[in-house]
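Please work out how this folds:
(one chain, ligands or ions: 1)
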Amino acid sequence: MPEYKTYEQKRKFYLSKAWKDIRIAALERDNYECQHCKEQGKVTVDSIKEPGKPKEIKLNVDHKYPIEYYPKLALTLDNLQTLCVYHHNLKEGRIFKKKKNRWADDEWW
Ligand SMILES: [Zn+2]
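Numbering: from 1, shown residues only. This next block holds a predicted model:
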């Protein structure tokens, strides 16, 4: 069973083909909408890439049970949910409150 506790371990995971594939599956299942916004009746979808500009990331695919503690669920579709950056940060901020430098690997989420 792989572990996802260090930055390097997580980085490798988030760059893996297996993650990229299941991430897309989660986005498609969730209709490319933030699931928390949806509960509140709001639609938050990803921005369209405009030529010459970097794409603004609005949606993340989140592990409901963090892979750090539940590595078995890292590639389980039921453990994934599409969240906007705001709701993702809100969730991670709550869970990893005590951890320093918690945004260091944010770009991989
Ligand atoms: Zn949201």
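
gap between the helix or strand of the chain with the lowest mean pLDDT and the chain center?
Least confident helix or strand of the chain, by mean pLDDT, DSSP states H and E, is helix 85-95 with a mean of 81. Relative to its chain's centre, helix 85-95 lies at 10 Å (CA atoms, centre = their mean, to the nearest Å).

And that helix, what does it pack against?
Under the contact definition 3 or more CB pairs under 8 Å, 6 or more residues apart in numbering; DSSP states H and E, helix 85-95 sits against strand 59-63. All C-beta spots, glycine's among them, are computed from the backbone N, C-alpha and C.

what's the strand it packs on packed up against?
helix 17-29, strand 80-84, helix 85-95.

strands paired with the second one, and their directions?
This points to strand 80-84. Strands that pair with strand 80-84, judged by DSSP bridges, come out as strand 59-63 (antiparallel).

The partner strand vs the ion: in contact?
No. Contact of strand 59-63 with the ion (CB under 5 Å from the ion) is absent, the minimum separation being 8.6 Å.

Going forward, the N-terminal residue is numbered 8.
In the new count, where the first residue is 8, that last one comes out as strand 66-70.
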